[in-house]
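[1] need a structure here:
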Amino acid sequence: MTEYKCFECRKKIQSEELSKRFVCPQCGSKIFFKPRTKVKKIKAE
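    Numbers count the residues shown, from 1 in each chain. From the prediction side, this is the model:
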């Protein structure tokens, strides 16, 4: 299941909520982005 964030109100939205209309349920915005996962950095020795 993919998770998006609304560009306007920053609310997390599941892809199943957007199956019918690609509009934010909170603010009505049509601009979304996928948040990046956190990358763990390891120092080389």
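
[2] where does the residue nearest to Pro25 when sequence neighbours are not counted land in three-state SS?
    Leaving aside its sequence neighbours, Pro25 sits nearest to Glu17 (CB to CB, 6 or more residues apart in numbering; 6.3 Å). No exception for glycine: its C-beta is placed from N, CA and C like everyone else's. Following DSSP: H, G, I helix; E, B strand; the rest coil, we place Glu17 in the helix state.

[3] and Glu17, how far is that from Pro35?
    Separation of Glu17 from Pro35 (CB to CB, to the nearest Å): 16 Å.

[4] neighbour-wise, which of these two wins?
    Comparing Glu17 with Pro35 by other CB atoms under 10 Å, the one with more neighbours is Glu17, at 14 against 10.

[5] model confidence score at that one, please.
    pLDDT, Glu17: 70.

[6] any idea how far Glu45 is from it?
    Distance check for Glu17 against Glu45: by CB to CB, it reads 46 Å.

[7] mind jotting down where the strands sit in this protein?
    According to DSSP state E, the chain carries its strands in the segments 3-6, 12-14, 32-33.

[8] any idea which of those strands is most buried?
    Most buried of the strands of the chain, by mean neighbour count (mean count of other CB atoms under 10 Å): strand 3-6, with a mean of 16.

[9] quick one: end-to-end length of stretch 27-39, please.
    Length of stretch 27-39, first residue to last, CA to CA, to the nearest Å: 30 Å.

[10] which residues are in contact with it?
    2-9, 11, 13, 18, 22-24 (CB atoms under 8 Å, 6 or more residues apart in numbering).

[11] pipe the strands of the chain into a markdown table and attach mean pLDDT and distance to Lys40 per row.
    Compiled in a markdown table, the strands of the chain are given as follows (pLDDT from 0 to 100; distance: least, CB to CB, whole Å):
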| stretch | mean pLDDT | distance to Lys40 |
| --- | --- | --- |
| strand 3-6 | 86 | 20 |
| strand 12-14 | 83 | 22 |
| strand 32-33 | 84 | 22 |
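
[12] now the ones you listed as JSON lines including distance to Val39?
    What follows is the strands of the chain, written out as JSON lines (distance: least, CB to CB, whole Å):
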{"stretch": "strand 3-6", "distance to Val39": "17"}
{"stretch": "strand 12-14", "distance to Val39": "20"}
{"stretch": "strand 32-33", "distance to Val39": "17"}
